[in-house]
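Colleague: From the sequence below, what's the structure:
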Amino acid sequence: AAVLALWLGVLYLFYAALRARVRALEASAAVDDLHVPYSIDDLKRAQRTLRVLVDHHFGLVLAAYCTLYIFKQAFSIPGSAALNVCGGLILGVRLGWPLVCLLSATGATVCYAVSWLAAEQFVRGVKPTSSLALARRKVLRMREEGPLSFFLFLISMRVFPGTPNWLLNLVLPHCRVPLHFFFFSILLGLMPYNFVTVSAGEVLASVDSLSDIFDAWVIFKLMAGAVLLASSGSILRRLRKRMDVTAPAAAAAAPCCTV
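Modeller: Modelled structure (predicted):
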């Protein structure tokens, strides 16, 4: 609770500082008052104000954006798509995409730590038929498939559209998932999603809702990529088993050289 209150206090200080800058710019730049964007429509209304702020106070805007993003990820607050679009709007794809990927992984890692420290009894005490328990059992089974297959499986879960990332962030710390596996699976697995949403920020005028960003073709490509990653682990495992079986047979069939 103390950490949450401290984080909220820092966010409020950033918000107050940005609003003060906006009020100072209102007369010369014809900008509107600053409000936190919660949707695509909010971003459209705030885009002129955000761009003026970036032009005049880039460092402050960047620090506030990073703090807000990590806070949202750390406490599993919905709204990543709107923040990603906002990143593309104020930073562009070249800077916004890698930054959003890093912030996603960093914020989720903070959530990993929070869950590890505070949610172990809750996760282990849920009903066996709940989605939380089912997800935990699935992850534990996949962990027995080997490090490479398990890592590809973690990435595929992040790539697959519709995956409840908040649920994974809550469960995975209690499934013996190494922290570096967790971090890099998010960093790599969310790259396609982040690229699509950040790119939408550069063409915000043509976007009316999330359905304009995630059309059927984009969803199909994300699903195909997730299936490919998930299946590649099984394919590699079968090839490894086949090589383990054929190697002794080949050694036994080889002619022996005597002196």
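Colleague: Export stretch 40-48 to PDB, keeping only CA atoms.
Modeller: Taking C-alpha atoms only, stretch 40-48 is exported to PDB below (Å, rounded to 0.1, in the frame of the first residue of the first chain):
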ATOM      1  CA  ILE A  40      -8.600   6.900 -28.800                       C
ATOM      2  CA  ASP A  41     -11.000   9.700 -28.800                       C
ATOM      3  CA  ASP A  42      -9.300  11.300 -25.800                       C
ATOM      4  CA  LEU A  43      -6.000  11.000 -27.600                       C
ATOM      5  CA  LYS A  44      -7.400  12.800 -30.700                       C
ATOM      6  CA  ARG A  45      -8.600  15.600 -28.600                       C
ATOM      7  CA  ALA A  46      -5.300  15.900 -26.700                       C
ATOM      8  CA  GLN A  47      -2.900  15.400 -29.600                       C
ATOM      9  CA  ARG A  48      -2.200  19.000 -30.300                       C
END
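Colleague: Name the residues of it that are buried.
Modeller: Applying a neighbour-count criterion of 16 or more other CB atoms under 10 Å, the buried positions in stretch 40-48 are I40, L43, K44, A46, Q47. C-beta coordinates here come from the backbone N, C-alpha and C atoms, glycine included.
Colleague: Where does the last one sit: helix, strand or coil?
Modeller: Applying DSSP: H, G, I helix; E, B strand; the rest coil to Q47 yields a three-state assignment of helix.
Colleague: I figured it hits V54, correct?
Modeller: No - judged on CB atoms under 8 Å, Q47 makes no contact with V54 at a distance of 10.4 Å.
Colleague: Residues contacting stretch 93-100, please?
Modeller: Applying CB atoms under 8 Å, 6 or more residues apart in numbering, the set of residues contacting stretch 93-100 from outside is 66, 69, 83-84, 87-88, 90-91, 191, 194-195, 197-199, 201-202.
Colleague: Counting by contacts, list what the helix or strand G201 falls within packs against.
Modeller: G201 belongs to helix 191-202 when assigned by DSSP states H and E. Under the contact criterion of 3 or more CB pairs under 8 Å, 6 or more residues apart in numbering; DSSP states H and E, the helices and strands touching helix 191-202 comprise helix 80-118, helix 147-159, helix 210-213, helix 216-253.
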